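Colleague: my questions concern the predicted model and sequence given below.
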Amino acid sequence: MKILMVCLGNICRSPLAEDIMKTKVPDDFVVDSAGTISLHEGEHPDKRAVRTAANHDIDISQQRSRPITRNDFETFDKIYCMDIDVYEDVISKAENEQQRQKISLFLEASGDHRNAEVPDPYWGDMKDFEKVFQLLEKGCEVIADRLKTHNL
């Protein structure tokens with residue numbers, strides 16, 4: 001199973017989601033992250049995201065931001081988007097229905113209510129990053145359990 005987490009710049013939410021998910025799935029799963037924009041391409045995650053992850057014994061400091069590519073739609077089995085704008089952008093890049101079927105909102109896939117979004121903590125403070133971490137932790141747990149039992 002290959003999973004891609006996607007947010008806007010790939011420096012806050014999706015890097016956190018990537019490594020949280022890695023702690024929940026078997027080693028033969030592949031988990032990566034990307035952004036819908038290339039503004040931060042090649043950069044490490046936001047320092048506040050790195051610090052928040054480290055507070056939970058997860059190291060995201062070596063990740064590098066990258067934009068989503070056409071190849072990602074073929075490579076990954078599941079593509080989870082952090083908010084509706086990201087979802088709409090990713091859907092618009094899909095070339096066919098098979099690719100579109102791989103894409104979903106992260107919190108919706110984790111059983112939260114329809115159109116639920118992981119808020120972008122970029123303009124917030126450490127409390128906002130912690131809230132996002134907790135949402136991602138809970139969501140990754142549910143999604144991982146479903147993926148491991150093929151119920152998603």
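Modeller: Nice, thanks for sending it over. Numbering: from 1, shown residues only.

Colleague: strands of this protein, residue ranges please.
Modeller: Using DSSP state E, the strands assigned to the chain run over residues 2-7, 30-35, 78-81, 103-105.

Colleague: surely residue 2 touches residue 74?
Modeller: No - here residue 2 does not reach residue 74: they are 10.1 Å apart, not a contact under C-beta atoms under 8 Å. For every residue, glycine as well, the C-beta is placed using N, CA and C.

Colleague: ok, the two, which is more surrounded?
Modeller: residue 2 (14 against 11; other C-beta atoms under 10 Å).

Colleague: helices and strands of this protein: which one has the lowest mean pLDDT?
Modeller: In the chain, no helix or strand scores lower on mean pLDDT, DSSP states H and E than helix 106-109, which sits at a mean of 94.

Colleague: got the CA coordinates for that helix in CSV?
Modeller: Provided in CSV are the C-alpha atoms of helix 106-109 (Å, rounded to 0.1, in the frame of the first residue of the first chain):
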residue,chain,number,x,y,z
PHE,A,106,-8.1,13.1,5.2
LEU,A,107,-10.6,13.7,8.0
GLU,A,108,-13.5,12.5,5.9
ALA,A,109,-11.6,9.3,5.2
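
Colleague: may I see the buried residues of that helix?
Modeller: 106-109 (16 or more other C-beta atoms under 10 Å).

Colleague: list just the one of the strands of the chain that sits closest to residue 69.
Modeller: strand 30-35 (7.5 Å; C-beta to C-beta).

Colleague: okay, the angle between that closest one and strand 2-7?
Modeller: 20 degrees (axes from the mean of the first three to the mean of the last three C-alpha atoms, to 10 degrees).

Colleague: who are the packing partners of strand 30-35?
Modeller: If contacts are counted by 3 or more C-beta pairs under 8 Å, 6 or more residues apart in numbering; DSSP states H and E, strand 30-35 sits against strand 2-7, helix 13-22.

Colleague: same thing but at 10 Å, please
Modeller: Under the contact criterion of 3 or more C-beta pairs under 10 Å, 6 or more residues apart in numbering; DSSP states H and E, strand 30-35 touches strand 2-7, helix 13-22, helix 70-75, strand 78-81, helix 84-93.

Colleague: about what we covered before: which strands and helices lie in contact with the least confident helix or strand of the chain?
Modeller: Helix 106-109 packs on strand 2-7, helix 13-22, strand 78-81, helix 84-93, helix 126-148, going by 3+ C-beta pairs under 10 Å, 6+ apart.
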